[in-house]
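K.L.:
Next comes the sequence, and after it the predicted model I'd like to discuss.
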Amino acid sequence: MTIRVLIVDDQVMVREGFSVLLNAMPDIEVVGEAVNGREAITQVAALHPDVVLMDIRMPELNGIDATREIVAADATAKVLVLTTFDLDEYVYEALRAGASGFLLKDASARQLAEGVRVVASGEALLAPIVTKRLITEFSRLAQVPRAPAMARIADLTERETEVLVLIAQGLSNAEIAEHLVVAESTIKTHVSRILVKLGLRDRTQAAVFAYEARLVTPG
């Protein structure tokens with residue numbers, strides 16, 4: 001199944017470069033481009049891409065606000081944030097806004113394609129291309145537990161809370177299953193229940209929730 005991608009960046013060379021790299025992959029197709037967040041929202045509504053590669057810093061409407069509007073309009077939308085700096089303070093806010101992951105712009109063709117595949121599958125927040133160190137650094141912004149998050153933890157069972165912590169630590173379903181010595185299908189069920197109980201859209205949002213509730217601490 002071909003993964004349809006929309007590239008959003010105000011630099012034409014970045015858009016063209018990513019387009020060439022991704023279109024060279026047999027399972028990925030670039031279906032459109034946008035030069036700013038406002039145009040991205042329009043393009044997503046018209047093209048319904050599987051993954052949106054979203055730059056953060058753009059004119060008219062930045063990537064964070066565009067991401068927030070896109071996921072609010074379409075709960076299935078997958079946004080992969082692009083950043084130039086590995087400690088970009090805005091990336092964590094983009095994840096809170098609904099982005100499903102982030103990737104450095106200097107990633108190789110293989111890393112870029114794998115990032116798109118990971119986000120499209122919704123299977124894992126962190127992959128080799130997505131540095132866990134960055135997530136933990138950005139989570140320092142949430143120094144005080146958010147009250148709503150703390151209250152909603154009570155809805156989880158002890159095992160669901162344990163699974164949520166492991167999701168936030170970047171483990172895949174298979175890795176969580178191995179860690180807890182249970183079947184992978186059991187973990188998939190737990191993950192689904194966690195998302196429903198907490199009103200979250202995907203594993204990335206679950207990880208952000210865990211940080212904000214201080215179930216997982218930086219470092």
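P.N.:
Everything's here; your move. Numbers count the residues shown, from 1 in each chain.
K.L.:
show me where the protein has helices.
P.N.:
For the chain, the helices defined by DSSP state H cover 12-23, 37-47, 63-73, 90-97, 109-121, 132-139, 147-153, 158-168, 173-180, 184-198, 203-212.
K.L.:
so which of these comes closest to residue 6?
P.N.:
Among the helices of the chain, helix 37-47 comes nearest to residue 6, with 5.6 Å by Cβ to Cβ. Any C-beta I mention is one placed from the backbone N, CA and C, and that applies to glycine too.
K.L.:
For residue 187, see how far away the residue of the chain positioned farthest from its centre is.
P.N.:
Computed with Cα atoms, centre = their mean, the residue of the chain farthest from its C-alpha average is residue 181, at 27.0 Å. Noted for residue 181: a distance of 11 Å to residue 187, by Cβ to Cβ, to the nearest Å.
K.L.:
just residue 16 next, same as before
P.N.:
Computed as Cβ to Cβ, the residue 16 to residue 187 distance reads 41 Å.
K.L.:
thinking again about what came up before, want to try CSV for the helices of the chain, with distance to residue 55, mean pLDDT and mean neighbour count as columns?
P.N.:
CSV is the format used below for the helices of the chain (distance: least, Cβ to Cβ, whole Å; pLDDT from 0 to 100; neighbours: other Cβ atoms under 10 Å):
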stretch, distance to residue 55, mean pLDDT, mean neighbour count
helix 12-23, 7, 93, 15
helix 37-47, 9, 94, 18
helix 63-73, 5, 92, 21
helix 90-97, 10, 78, 23
helix 109-121, 14, 88, 20
helix 132-139, 17, 56, 18
helix 147-153, 29, 65, 13
helix 158-168, 26, 92, 20
helix 173-180, 30, 92, 16
helix 184-198, 28, 93, 17
helix 203-212, 18, 81, 23
